[in-house]
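K.L.:
Sequence first, then the predicted structure, then my questions.
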Amino acid sequence: MADGKVKDRKLLNNQCLFHNMVFSGGLSVSDIDVAFEYRNKLFIDTEVKHINCRGIIPIGQRIMYERRADMLSNNEGVSAYVLFAMHSEDGDVDVGTLSVELIYENGKWRSPSRSCTVRDFHQQKINMIDRLGH
């Protein structure tokens, strides 16, 4: 999907089932809606939920995202973020146009200082890496 377009919609509609991926203590796997890496210096994970989910990332999934970002950020010169966005669509969702609701960085969740889309956030961080010459 290098051009951002779905190659085979039939395959896209396949559901990944995780019922056989539950382990002792109730631990289970989680999916990541969007994972982005740039020049081994920038990592952005994005979780997208339908507005009916009341803006909640389940605790286990939230912890997984936080730990991934913290682990990556522990490397010198690496920035890692988690974005949370919501939509109200019943069909296709253009993730790049969604507003960023929350950002996880430096060990804390916060609201964006100004409104931005998921795509805009990615572009701002790409520009930052390029300016730093990494």
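P.N.:
Received, thanks. Numbers count the residues shown, from 1 in each chain.

K.L.:
all strands of the chain, in order?
P.N.:
For the chain, strands defined by DSSP state E occupy the ranges 34-38, 42-50, 79-87, 100-105, 108-110.

K.L.:
helices and strands around the first one, which ones?
P.N.:
What that stands for is strand 34-38. Taking 3 or more Cβ pairs under 8 Å, 6 or more residues apart in numbering; DSSP states H and E as contact, the helices and strands that strand 34-38 lies on are strand 42-50, helix 118-132. The C-beta positions use only the backbone N, C-alpha and C, and glycine is treated the same way.

K.L.:
And the contacts of it?
P.N.:
The contact list for strand 34-38 (Cβ atoms under 8 Å, 6 or more residues apart in numbering) reads 42-46, 48, 83, 95, 118, 122, 125-126, 129.

K.L.:
buried sites along that strand?
P.N.:
Going by neighbour count (16 or more other Cβ atoms under 10 Å), the buried part of strand 34-38 is Phe36.

K.L.:
still on that earlier bit, return the most buried member of the helices and strands packed on strand 34-38.
P.N.:
With neighbours defined as mean count of other Cβ atoms under 10 Å, the helices and strands packed on strand 34-38 peak in mean count at strand 42-50, which reaches a mean of 19.

K.L.:
which helices and strands does that one pack with?
P.N.:
Packed next to strand 42-50, using 3+ Cβ pairs under 8 Å, 6+ apart, are strand 34-38, helix 59-73, strand 79-87, helix 118-132.

K.L.:
So which of the helices and strands packed on strand 34-38 is nearest Ile32?
P.N.:
strand 42-50 (5.4 Å; Cβ to Cβ).

K.L.:
List the beta-bridge partners for the residue nearest the centre of the chain.
P.N.:
Residue closest to the average C-alpha location in the chain (Cα atoms, centre = their mean): Thr46, at 1.1 Å. Thr46 has these beta-bridge partners by DSSP bridges: Val34, Leu83.
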